[in-house]
Structure formats: C-alpha cells, structure tokens
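# sequence unavailable; structure follows:
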C-alpha cells in the first residue's frame, strides 16, 4: 500500500537559519508528489509539486524540494526561514485513482 | 478563478445530534470533491470522495455519510454524532486528471460534547 512518512513531528529552527523537512514515500510507480502548508485553524495551501522532469522543484514562499528516486524521498528546503513560516507541513503522494495519501505532518516552530 | 467555500467555520454539537457540513466550489465544472478529517497529530484522513453527482466513495467505515446533490456541492452528514467525531473537517476539490492538485477549503472545527 502507498504510504508517506514524515519522521519529524516537530522541528524548531532559528529565524534566518536553513530548513529541511523530510518526506519518504512508498509507491510502486512514478509518484506525483506534493508539499502543502497549513497555518493554525486554516486549510491547506499547496507549496509545490513534482510530476516529472527536473528533480529540483521550486515553489511559493521561497521553498524548494528535491525528488530522489533512489531514496524514495522528497525533502522540502528553504535557505532562510522567516517567523511567518511557522506552520504545519504535509507531504503527499498521488496514488492514482485521483486520491492523495498524506503524511502525518511536521510542525515547524521558528525561534527568534 | 476557482474558489471553495466551507461552512460553518466552527460548530459545537451535543452527542447524538445530527450534523450537516456543506462545501461548494465555484469557477469550475465536474470537479472531484473530497472530505477529509484531521485529528490532532494524525494527519489527514480521507473520508469520502466523489467524481460526479450522486457518486460517493467511502474510504473509512464510520458514523458519517456524504452526498453530492449538485455538481459543485458536497455535503457531510451524520444522523447521530459521537464524541469521536470531533475534529477538523476539510473539503477539497480537484480537476479531473491523473496528476490532480487538490485545493482545500478553510475547514470546519467540530466539537462534539
């Protein structure tokens, strides 16, 4: 069965420091991969997606992610974190049949 | 542009009472529609999805049901709420494509007391 693992439940990063959120997936075919961000009490906003082609994808708000097939990973990165980036981040994989499977999320805390 | 509306934003209901949450999409036709539940620390659980009017697929057996009476309207219901139904409910839509991007509503916080 398809699955997504986000091993870090919480991460604390100092403002201005770099960020990497980990995501590993289990899927037999070429995956379609997504990162979403959720601010408290809000819906999810798409940050970026990978469908095919260049394995380094750029998203909104200065985020990027790299697809590594050999590691079954799709880690999210940002070179310099801002206090407004504090939120929960979800990785998801499209399983076909027009459905997504989500990871359990990583809560990002930004310290001054 | 497409927009998705979900209401109410918050709801407090007693155990055993009925539930109706509504979701509508504007600016698109024939969308796929989804209901998710988000419990604290557990990510998003897909409850129902629909590829057309009257077509509902249930992902998890439970106390809830869904209906799609119109192309861009998706309703989540329960006849009798349980304490375990508390959570954050999200509606989403996507276009009909294999590599579908899902777009989410703002969510409904349901507290069953």
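Good, I have the coordinates. The shown structure was predicted, so the numbers you read here are calculated from the model rather than taken from an experiment. Residues are numbered from 1 along each chain as shown, chains lettered A, B, ... in the order given.

# so residue A:18 versus chain B, what's the distance?
Distance, residue A:18 to chain B, by CB to the nearest CB, to the nearest Å: 25 Å. C-betas here are computed from N, CA, C, even on glycine.

# what backbone torsions are found at that residue?
phi -80, psi 160 (degrees, to the nearest 10).

# residues near it, how many?
The local packing of residue A:18 (other CB atoms under 10 Å in any protein chain shown) involves 11 other residues.

# do residue B:45 as well
15.

# isn't it up against residue B:39?
Yes: look at residue B:45 against residue B:39 with CB atoms under 8 Å: they come within range, at 7.4 Å.

# now do residue A:99 against residue B:39, distance only.
19 Å (CB to CB, to the nearest Å).

# got it, and residue A:64?
30 Å.

# comparing those two, which residue is more hemmed in?
The neighbour comparison of residue A:64 against residue B:39 (other CB under 10 Å) goes to residue A:64, with 16 against 12.

# residues contacting residue 45?
All of this refers to chain A. Applying CB atoms under 8 Å, 6 or more residues apart in numbering or on different chains to residue A:45 gives the contacts A:36, A:37, A:38, B:104.

# chain B is the one I meant
B:36, B:37, B:38, B:39, B:59, B:60.

# what's across from the first one in the sheet?
Each beta-bridge partner of residue B:36 is listed here: residue B:46, residue B:90, as defined by DSSP bridges.

# and the residue nearest the centre of chain B?
residue B:35 (2.9 Å; CA atoms, centre = their mean).

# so for it, what's the pLDDT?
Looking at residue B:35, its pLDDT reads 96.

# excluding its backbone neighbours, what's nearest residue 32?
Since you didn't name a chain, this refers to chain A. Distances taken as CB to CB, 6 or more residues apart in numbering or on different chains place residue A:94 nearest to residue A:32, at 3.7 Å, with adjacent residues excluded.

# nope, chain B please
residue B:94 is the one closest to residue B:32 (CB to CB, 6+ apart), at 4.7 Å.

# quick one, what contacts the one you found?
Applying CB under 8 Å, 6+ apart, the residues near residue B:94 are A:98, B:31, B:32, B:34, B:100, B:101, B:102, B:103.

# can you turn the buried part of those residues into a PyMOL selection?
Buried residues among the contacts of residue B:94 (16 or more other CB atoms under 10 Å in any protein chain shown), as a PyMOL selection:
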select buried, (chain A and resi 98) or (chain B and resi 31+32+34+100+101+102+103)
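
# want to try a markdown table for the contacts of residue B:94, with distance to residue A:80 and secondary structure as columns?
As requested, these are arranged in a markdown table below (distance: CB to CB, whole Å; DSSP: H, G, I helix; E, B strand; the rest coil):
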| residue | distance to residue A:80 | secondary structure |
| --- | --- | --- |
| A:98 | 36 | coil |
| B:31 | 37 | coil |
| B:32 | 37 | strand |
| B:34 | 34 | strand |
| B:100 | 32 | coil |
| B:101 | 27 | coil |
| B:102 | 29 | coil |
| B:103 | 28 | strand |
